[in-house]
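**Student:** Please find the sequence and the predicted model below.
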Amino acid sequence: GENVEQHPSTLSVQEGDSAVIKCTYSDSASNYFPWYKQELGKGPQLIIDIRSNVGEKKDQRIAVTLNKTAKHFSLHITETQPEDSAVYFCAASINYQLIWGAGTKLIIKP
Amino acid sequence: DVKVTQSSRYLVKRTGEKVFLECVQDMDHENMFWYRQDPGLGLRLIYFSYDVKMKEKGDIPEGYSVSREKKERFSLILESASTNQTSMYLCASRGTGSSGNTIYFGEGSWLTVV
């Protein structure tokens, strides 16, 4: 079955710098790749997603890139701000079933 | 806005007790899910439901059961709670059609079994 690996497990960046979180998946049939953000004490919330027919998608300071050949996708956050501190989860989907990465704790240092 | 409400945010139960975690969504979504979240393990699917009275096992169903008597409500049941079920439990829902990929989560229920 599908397996999703997410790295790093913890990422600490200076405020204003960029942050990159990477995920790899095993099943080439996966066709949908969302990213969720979980703030402290809350449930995860969708922040951006990409489908397999697109290589890159951007929404203000966040972007996701997908490399189908290498079977990996990445979340890019530019000009990080304190409110970006959270746990981020990637996922890969086959037939609407989501397989989740283990999560990355992003820490923004002032 | 979609709202998924988990009625209990924090619970402390004794080993062997029967535990009910309730979840209600207000968007008429067909699909509902129960996940367990543990540090370093991400989100693990316990059970999901495609429709009323229908349920499917996820990756870690052992020790749990579910009930979906009404479309908006999905309950997770721990028949006999054990200490290794101490965790954070997340309920989620998802519609079909054009928005069928987005999963909406509740705020989570922190369960401690002593």
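**Tutor:** Received it, and whenever you're ready, just let me know what you need.
**Student:** For the rest of this, base every contact and every neighbour count on C-alpha atoms.
**Tutor:** OK.
**Student:** so who does the closest residue to B:Val114 other than its chain neighbours touch?
**Tutor:** In space, and not counting its chain neighbours, B:Val114 is closest to B:Arg14: 4.9 Å by C-alpha to C-alpha, 6 or more residues apart in numbering or on different chains. Going by C-alpha atoms under 8 Å, 6 or more residues apart in numbering or on different chains, B:Arg14 touches B:Ala81, B:Ser82, B:Val113, B:Val114.
**Student:** where does A:Phe73 fall, helix, sheet strand or coil?
**Tutor:** With DSSP: H, G, I helix; E, B strand; the rest coil as the basis, A:Phe73 sits in strand.
**Student:** From A:Val20, how far off is it?
**Tutor:** Distance, A:Phe73 to A:Val20, using C-alpha to C-alpha, to the nearest Å: 10 Å.
**Student:** quick one: which of the two has more around it?
**Tutor:** Between A:Phe73 and A:Val20, A:Phe73 has the larger neighbour count (other C-alpha atoms under 10 Å in any protein chain shown), namely 25 against 17.
**Student:** Quick check, the more buried one in contact with A:Ser30.
**Tutor:** No: counting by C-alpha atoms under 8 Å, A:Phe73 does not reach A:Ser30; the two are 11.7 Å apart.
**Student:** Buried ones in stretch B:8-24, by neighbour count?
**Tutor:** For stretch B:8-24, burial by neighbour count (16 or more other C-alpha atoms under 10 Å in any protein chain shown) applies to B:Arg9, B:Lys13, B:Val19, B:Leu21, B:Glu22, B:Cys23, B:Val24.
**Student:** Relative to A:Gln97, how far out is the fifth one?
**Tutor:** Looking back up the chat, that one is B:Glu22. With C-alpha to C-alpha as the criterion, B:Glu22 and A:Gln97 are 23 Å apart.
**Student:** What is the burial count for the closest residue in space to B:Asn31 that isn't next to it in sequence?
**Tutor:** Distance criterion C-alpha to C-alpha, 6+ apart; nearest residue to B:Asn31, sequence neighbours excluded, is B:Tyr50 at 4.6 Å. Per other C-alpha under 10 Å, the neighbour tally for B:Tyr50 reads 18.
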